[in-house]
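Engineer: need a structure here:
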Amino acid sequence: MSKIIAVVGARPNFMKMSPVIKSLIPLGLKPIIVHTGQHYDEKMSQEILSDLEFEKPNYFLKAGGGTGTQQTSRIMKRFEKICKIENPILVIVAGDVNSTLACALVAVKMRIKIAHIESGLRSFDMEMPEEINRILTDRISDFLFTTEKNAGLNLQNEGIDMKKVYFVGNCMIDSLVRFISPAKKLRYWQYLGYKGNDYILATVHRPSNVDTKIALMRVVSLLNRVSKKIPILFPIHPRTKSNLEKFSIDLNDSVRLLEPLSYLKFLSLMSKARMILTDSGGIQEETTALGVPCITMRKNTERPITTEIGTNILAGTNNDEIIKIIQRFLNGDVPIGNIPPLWDGKASIRTAEILKNELE
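Structural biologist: Residues are numbered from 1 along each chain as shown. Here you go, the predicted model:
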C-alpha cells in the first residue's frame, strides 16, 4: 500500500495537522507521523499532543535546539533516513516553521510529492525566518492548500501553477471548533483567580521582539505600563524567558508569568480574555474565530484577512500607539469582526478528500 508521511515539529503544526490526519484515516490514508522534536519542551509538545488527542508519532527525530540552520540541517539528515525506510508517495507539511521547510526539501530531492497545509501566506518581510520557509516550501510543493483569498493571490503573483492550489479554509480553526467547548468547561481563568473579561492575555516570542536587549526592554516596558490598568497573564515562551534572565529585565508583579500552557488551557484563557496582546501568527486567526479583540505587536502580518474582516489590529511596535489602542478597547471601542469564508471546522475534511482524489 502507498505510504504517506505527515510531519509535525512545533506547536502550530500540531493544531493544523491533527484534524488533517483524523480526516485522512477514514479514507484509508492513515499517515505515518514524524515528529521532528523542534519544540521539545514538555508543555509545548507532549501536553498539546495529549489535548488534541493526537495520534502517537511513529518516529521522533529529537532535532530541537541550536540555531535555525543547525536545526534545519539536523532535521533533514534524520528525515531523509525515514523516507528511505518508508518510501512514501507523499509528505504533508504544515505552516512555516523550520521542520516544514527541512522536510519539504528532503522530499523534493527524493522526488516525493509534497502537500503544504497553509500555503500562500506572506508578510513580505524577508527578515522573518518564517517568510523564507513559507516561500521556499510553496515553491516546491505539489499540492498547496490555502486558508484565505489573499494567499491564493500571492501564489498567483509568484507564478505558481494555480492548478496545484486549493482553497479549503483553515485547518487550525478545525481544531479550535472541535475543542472550544471542553476548553471553556475547563474554566482555567477561574482556576487562576479571574472572573473572565478582566485580564489581558499576552504572548511574545518573535526574535524581532525578544532577541535584543533594546527590543525586549520595549516589550517589558509596554507590559509593565499596561498592567497598571488591567492584569496581564503572560505564558512565557522559553526563548523569551531565557532572554529576560540574560538581560536582567524585570516585569511588574501585575504581569503574571505562567509556564507554557497546554492547548486546552491556553484556549480556555483566550476565550475569556478582555483582549489578546501578541506577536504570534496563529493567535491572530484564533482570536478572529473566537471574536476576541487582538492587538498584534508587529509591523506586518501574513494573515491580512484577520485585519480586514476579523478582530485583529496590526499595531506596530511603538508603545505609545499600542497603549492608545489598548485604551480604546478598554473603553469599549473594540472591533466587531466576521469569521472568514470556509473557517467552518471542515477544512481538513476538504483537504483529505482532495488528496485522496489526486493520489488516485
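
Engineer: Okay, strands next: where are they in the stretch 251-360 of the chain?
Structural biologist: Per DSSP state E, counting those that start in this stretch, the stretch 251-360 of the chain carries strands over the ranges 255-258, 275-278, 294-296, 312-314.

Engineer: Ignore what I typed, I meant the stretch 1-150 of the chain.
Structural biologist: Using DSSP E, counting those that start in this stretch, strands in the stretch 1-150 of the chain cover 4-8, 32-35, 59-60, 90-94, 113-119, 143-146.

Engineer: Export those to a markdown table and append columns for distance to L153, mean neighbour count and mean pLDDT.
Structural biologist: C-beta coordinates here come from the backbone N, C-alpha and C atoms, glycine included. Output for the strands of the stretch 1-150 of the chain, formatted as a markdown table (distance: least, C-beta to C-beta, whole Å; neighbours: other C-beta atoms under 10 Å; pLDDT from 0 to 100):
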| stretch | distance to L153 | mean neighbour count | mean pLDDT |
| --- | --- | --- | --- |
| strand 4-8 | 27 | 28 | 97 |
| strand 32-35 | 32 | 22 | 97 |
| strand 59-60 | 36 | 17 | 96 |
| strand 90-94 | 21 | 28 | 98 |
| strand 113-119 | 12 | 26 | 98 |
| strand 143-146 | 10 | 25 | 98 |
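
Engineer: Reformat those strands as TSV; add distance to C83.
Structural biologist: Compiled in TSV, the strands of the stretch 1-150 of the chain are given as follows (distance: least, C-beta to C-beta, whole Å):
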stretch	distance to C83
strand 4-8	7
strand 32-35	9
strand 59-60	11
strand 90-94	8
strand 113-119	12
strand 143-146	17
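
Engineer: G291 is nearest to which of the ones you listed?
Structural biologist: Closest to G291 of the strands of the stretch 1-150 of the chain, according to C-beta to C-beta: strand 113-119, at 21.6 Å.

Engineer: so the closest one versus strand 90-94, what angle?
Structural biologist: Here the directions of strand 113-119 and strand 90-94 differ by 20 degrees (axes from the mean of the first three to the mean of the last three C-alpha atoms, to 10 degrees).

Engineer: Given strand 113-119, what are its sheet partners and their directions?
Structural biologist: In the sheet, strand 113-119 lines up against strand 90-94 (parallel), strand 143-146 (parallel) (DSSP bridges).

Engineer: Residues in contact with the first one: which ones?
Structural biologist: It refers to strand 90-94. Contact partners of strand 90-94, identified using C-beta atoms under 8 Å, 6 or more residues apart in numbering, comprise 2, 4-8, 12-13, 16-17, 20, 31, 83, 99-100, 103-104, 106-107, 112-118, 137, 171, 355, 359.

Engineer: any weak-confidence spans in the protein?
Structural biologist: Residue ranges of the chain with pLDDT under 70: 1, 39-45.

Engineer: about what we covered before: I'd like the strands paired with strand 113-119 as a markdown table, with distance to D344 appended.
Structural biologist: A markdown table is the format used below for the strands paired with strand 113-119 (distance: least, C-beta to C-beta, whole Å):
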| stretch | distance to D344 |
| --- | --- |
| strand 90-94 | 19 |
| strand 143-146 | 15 |
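
Engineer: Which of those strands sits closest to R206?
Structural biologist: Here strand 90-94 is closest among these (C-beta to C-beta), at 19.1 Å.

Engineer: Pull the closest one out as PDB, backbone CA atoms only.
Structural biologist: Presented in PDB, the C-alpha positions along strand 90-94 are these (Å, rounded to 0.1, in the frame of the first residue of the first chain):
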ATOM      1  CA  LEU A  90       3.600  12.000  -0.300                       C
ATOM      2  CA  VAL A  91       4.900  14.100   2.500                       C
ATOM      3  CA  ILE A  92       2.500  16.500   4.200                       C
ATOM      4  CA  VAL A  93       3.900  19.600   5.900                       C
ATOM      5  CA  ALA A  94       2.100  22.500   7.600                       C
END
